[in-house]
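Novice: sequence and predicted structure below; questions after.
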Amino acid sequence: MSRAKGNLAEDKAVEFLQSKGYYILERNFYSRFGEIDIIASKDDALHFVEVKSGVDYESAVQNITKQKLSRLIRTGHVYLKRNKLNVDYMYDGVIVTPKDIELIENITM
C-alpha cells in the first residue's frame, strides 16, 4: 500500500474513532521496534491502534500478523515507559474498506 493510501485510511480511522468518543493523543509514534498508527484515550484507558485497509475486510485484517502485533506491543511499552504512564491500555485494530470502517478492540493472537 502506498503511503498516501495509508494516510487516507488513517485519516478516516481518526474521524471514526473521534465519532465514537476517542480522544486522539498522537499519530505515527515510532520506536526502534516499529510504529503505532494512532494512540488514543477513552474511558480512562489508552488505546494503541493499528490501521489496516483493503478492498474487503478479510484482505485488510489478514495484514495484522503475529509479527506486526508483536512490534505493536513492544512499541506500546516504549510509549508507556517514555511517558512514565501507569494506566490501563489495550491494542486495537481499525479496518478501513471502501464500504465500511470497523473497530476490533483488544486484538491478540
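Specialist: In hand now; what should we look at?
Novice: buried residues in the helix or strand harbouring residue 52, which are they?
Specialist: In the assignment (DSSP states H and E), residue 52 maps to strand 45-53. By neighbour count with 16 or more other C-beta atoms under 10 Å, strand 45-53 contains the buried residues 46-53. The way it works is simple: take the backbone N, C-alpha and C, and place the C-beta from them, glycine included.
Novice: next one: stretch 20-38
Specialist: 22, 24, 27, 29, 31, 34, 36-38.
Novice: can you put those residues in a markdown table and add secondary structure and pLDDT?
Specialist: As requested, the buried residues of stretch 20-38 are exported to a markdown table (DSSP: H, G, I helix; E, B strand; the rest coil; pLDDT from 0 to 100):
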| residue | secondary structure | pLDDT |
| --- | --- | --- |
| 22 | coil | 97 |
| 24 | strand | 97 |
| 27 | strand | 96 |
| 29 | strand | 96 |
| 31 | strand | 94 |
| 34 | strand | 93 |
| 36 | strand | 96 |
| 37 | strand | 96 |
| 38 | strand | 97 |
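Novice: could those go into a markdown table alongside distance to residue 79?
Specialist: As requested, the buried residues of stretch 20-38 are arranged in a markdown table below (distance: C-beta to C-beta, whole Å):
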| residue | distance to residue 79 |
| --- | --- |
| 22 | 16 |
| 24 | 14 |
| 27 | 12 |
| 29 | 6 |
| 31 | 7 |
| 34 | 11 |
| 36 | 7 |
| 37 | 12 |
| 38 | 12 |
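Novice: wait, which of these is closest to residue 81?
Specialist: In terms of C-beta to C-beta, no member of the buried residues of stretch 20-38 lies closer to residue 81 than residue 31, at 9.8 Å.
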